[in-house]
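A.B. asks: model the structure of this input:
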Amino acid sequence: MAAAAPPDGQEKVIAAAQHIVKLLASSKNAADDMIRILSGFDNRLSLMSDLFTPPPAAAAVGSILEADEGTQREGDEADYDEDDAAARAEAEWDVAAEVVERRVSPAAGAAEVVERRVSPAAGEALVFDSREGAEEYLAAVACLVGAPGPRAEAALQAAMTRLEDEFRHLLVRGAPPLAPEDLQTSLLRRLSLTVPSFNSSAVDLDCHSFAHHPAAVGGDEQQCGRSSASDDETLPYLMAPDTVSALRDIADVMLRAGYAPELCQVYGEVRRDTLMERLAVLGIDKMSLEEVQQVEWGVLDGKTKKWIQAFKVVVRGLLAEERRICSQILAADPNAEEECFTEAAKGCVLQMLNFADAIAIGKRSTEKLFRILGMYEALAEVLPELEGLFSGDAKDFIKDEAEGILVRLGDAARGTIEEFANAIQGETSRSRRPLPGGEIHPLTRYVMNYVCLLADYNASLNRLLEYWDTELTGVDNPNTTPLGHCVFMLITHLQCKIDEKSRLYEDEALQNIFFMNNLLYIVQKVKDSELKTLLGDNWIRKHRGQIRQYSTGYLRSSWTRVLACLRDDGLPHTMGSSGALKAALKDRFKNFNLAFEELYRTQTSWKVVDPQLREELKISISEKVLPAYRSFVGRFHGQLEGGRGSARYIKYNPDDLENQVSEFFEGRKPNA
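C.D. replies: Residues are numbered from 1 along each chain as shown. I've put the predicted structure just below:
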């Protein structure tokens with residue numbers, strides 16, 4: 001019979017038993033565990049393998065005990081050493097306590113999983129390269145959260161460091177580099193965003209007294225719409241859905257463990273850099289205020305155009321999807337979600353807003369107006385959506401910044417229009433010589449194309465110009481909008497300048513051609529654009545009447561002397577000296593020929609630009625001159641027949657004259 005264990009051994013056993021009780025108290029299946037433990041209490045360590053397979057160290061202890069037991073059975077039971085028995089009992093209780101601890105407390109096993117992953121033997125392999133490995137690791141870490149004991153705490157800290165690294169790695173790997181066309185294609189396909197096109201300078205703005213930048217007024221009104229993607233879609237250019245799922249699993253564990261600050265720091269850093277890279281893909285470079293103000297407009301114009309194209313894409317595409325991804329990954333903690341999104345998105349937003357602000361406060365010039373208006377409209381349109389992406393202090397900050405920039409862009413637009421009006425009034429051509437042929441002046445083309453583009457920003461400019469003093473008089477429509485008043489003022493300034501330039505022509509007839517060309521161009525631009533709505537039909541009718549007046553003035557100043565040669569006034573009566581009549585007729589035909597040939601020589605080089613007006617003028621000439629010529633020749637050609645050289649005086653038949661009149665106003669070069 002075996003001897004009892006000594007007192008110190010008994011105390012060891014009692015301590016082990018107390019430890020077992022403590023562990024059982026925390027077990028969900030304490031009763032079952034107690035039965036299993038007590039039922040095998042008399043067995044050796046080898047009989048406990050059914051409950052748990054011990055680690056190598058425990059297995060070694062069990063083997064020693066089993067070997068020792070076999071030896072004792074072969075020897076004399078009387079020689080049994082009580083000290084050895086006590087030692088063996090103590091060892092059995094130690095191993096039994098360890099077995100029970102691992103059976104009823106997952107923390108120890110979880111710690112082992114974590115320790116195995118951070119050991120040198122694990123190498124550089126990533127936990128999340130394997131789905132099974134990731135599930136096992138996350139389950140182990142979850143068990144460590146809140147578990148007592150130094151080992152569990154140390155293992156949890158090591159696990160958090162590892163998860164933080166893998167979280168960063170997945171964030172970086174989940175955002176592959178993209179070409180601009182890939183980014184645009186994804187946006188168009190997944191968000192149905194209409195990216196505005198800028199077909200620069202389909203209009204003619206080649207006035208030397210104004211800016212020589214075709215793109216200055218080449219921007220079309222930007223209209224963008226979108227249809228929202230479903231909530232479970234994630235744009236591929238931001239992050240793949242399986243990556244989002246893995247990141248969410250990591251975030252859940254780290255947030256439960258109280259590692260929100262570390263998690264937010266990693267998320268903010270990586271995603272901020274990613275969004276900045278996406279801005280670069282869209283052509284948005286980071287520029288300081290000084291850099292913006294130093295760049296020449298030809299270069300800055302292109303950057304501004306890209307900004308207008310990209311801003312809606314950024315807010316409705318990049319940031320909206322970033323918000324969605326952030327909410328998916330950090331669904332377990334709304335506060336962490338807000339912090340992470342703000343840190344990721346704020347830099348991107350401020351970079352774009354700062355560029356717009358630099359444009360708004362920069363030096364004003366007429367060619368910048370339509371880019372400023374484009375930026376104003378883009379910012380105003382998506383500002384509510386931009387604000388809605390943020391919350392709390394970040395929302396207030398972004399709102400204040402954006403609204404301030406919107407005000408400054410509006411001020412810049414108003415100031416630029418005012419400078420444009422002053423530039424029209426102060427325009428001086430490089431030469432005081434009149435434009436050859438009475439053609440449309442470059443100033444007229446520039447101003448009217450500029451004004452037509454203002455109408456594309458009707459809604460915005462009506463807001464911006466609502467309280468602006470436009471110094472208007474004589475507006476036909478009392479209900480004219482603020483933009484209508486502005487347009488009326490600008491065109492009035494232009495007409496005054498056209499009148500001033502017409503006085504450079506010494507020939508009154510050419511003055512009238514110049515007026516007709518320029519005024520008809522103005523009227524057609526109004527009639528064929530939104531300016532018609534702004535100025536009204538009465539304005540158009542009034543100015544068409546002025547064109548008819550100029551046409552009448554041209555006919556009177558050009559053809560009065562010619563027609564005077566075809567009148568009977570001043571001719572001797574046929575009852576008198578036939579010689580005197582014949583001489584008078586010779587003078588009349590001679591003067592007619594000279595006058596007509598002079599008109600033909602000069603007016604074939606004049607240019608009536610509009611084909612319809614050109615034909616109408618030719619018809620008016622023919623209707624006045626040809627009947628009078630036929631009548632005069634018909635009545636008096638007999639007086640010259642039979643005389644020597646009668647063909648010298650009646651050089652043209654009516655058909656000849658009509659053919660020559662058809663060549664007027666074609667802009668031929670002299671002597672051509």
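A.B. asks: please, where are all the helices along the stretch 551-672 of the chain?
C.D. replies: Applying DSSP state H, counting those that start in this stretch to the stretch 551-672 of the chain gives helices spanning 578-603, 611-640, 646-649, 654-661.
A.B. asks: and the third one, how far from the chain's centre?
C.D. replies: Read that as helix 646-649. Distance of helix 646-649 from the chain centroid (C-alpha atoms, centre = their mean, to the nearest Å) equals 76 Å.
A.B. asks: check which residues of that helix are buried.
C.D. replies: For helix 646-649, burial by neighbour count (16 or more other C-beta atoms under 10 Å) applies to Ser646, Tyr649. In short, each C-beta sits where N, CA and C put it, glycine included.
A.B. asks: what packs against it?
C.D. replies: helix 578-603, helix 611-640 (3 or more C-beta pairs under 8 Å, 6 or more residues apart in numbering; DSSP states H and E).
A.B. asks: what's the closest of the helices of the stretch 551-672 of the chain to Gln309?
C.D. replies: helix 611-640 (38.0 Å; C-beta to C-beta).
A.B. asks: give the buried residues for the closest one.
C.D. replies: Buried, per 16+ other C-beta under 10 Å, within helix 611-640: 613-614, 616-618, 620-622, 625, 628-629, 632-633, 636, 639-640.
A.B. asks: report the inter-axis angle for it versus helix 654-661.
C.D. replies: 150 degrees (axes from the mean of the first three to the mean of the last three C-alpha atoms, to 10 degrees).
A.B. asks: low pLDDT regions in this structure?
C.D. replies: 1-106, 119-124, 178-238, 429-431, 468-479, 573-577, 641-645, 670-672 (pLDDT under 70).
A.B. asks: tell me how far the longest helix along it is from the chain's mean position?
C.D. replies: Longest helix of the chain, by residue count under DSSP state H: helix 392-425. Put simply, helix 392-425 sits 18 Å off its chain's centre (C-alpha atoms, centre = their mean).
A.B. asks: on that earlier part again, could you identify the most distant pair in the buried residues of helix 611-640?
C.D. replies: Leu613 and Gln639 (39.5 Å).
A.B. asks: may I see the buried residues of the host helix or strand of Val299?
C.D. replies: Taking DSSP states H and E as the definition, Val299 sits inside helix 297-313. In terms of neighbour count (16+ other C-beta under 10 Å), helix 297-313 has its buried residues at 297, 300-305, 307-313.
A.B. asks: right, and Arg248 touches Gln328 too?
C.D. replies: Yes - using C-beta atoms under 8 Å, Arg248 is in contact with Gln328, at 6.0 Å.
A.B. asks: can I get the helices and strands packed on helix 646-649 in a markdown table with distance to Leu535?
C.D. replies: Listed next are the helices and strands packed on helix 646-649 as a markdown table, based on distance: least, C-beta to C-beta, whole Å:
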| stretch | distance to Leu535 |
| --- | --- |
| helix 578-603 | 33 |
| helix 611-640 | 21 |
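A.B. asks: of the ones you listed, which is nearest Leu465?
C.D. replies: Nearest of the helices and strands packed on helix 646-649 (C-beta to C-beta): helix 611-640, 33.6 Å.
A.B. asks: what's that closest one packed up against?
C.D. replies: Using 3+ C-beta pairs under 8 Å, 6+ apart, helix 611-640 sits against helix 537-564, helix 578-603, helix 646-649, helix 654-661.
A.B. asks: hmm, try it at 10 Å
C.D. replies: Under the contact definition 3 or more C-beta pairs under 10 Å, 6 or more residues apart in numbering; DSSP states H and E, helix 611-640 sits against helix 508-527, helix 537-564, helix 578-603, helix 646-649, helix 654-661.
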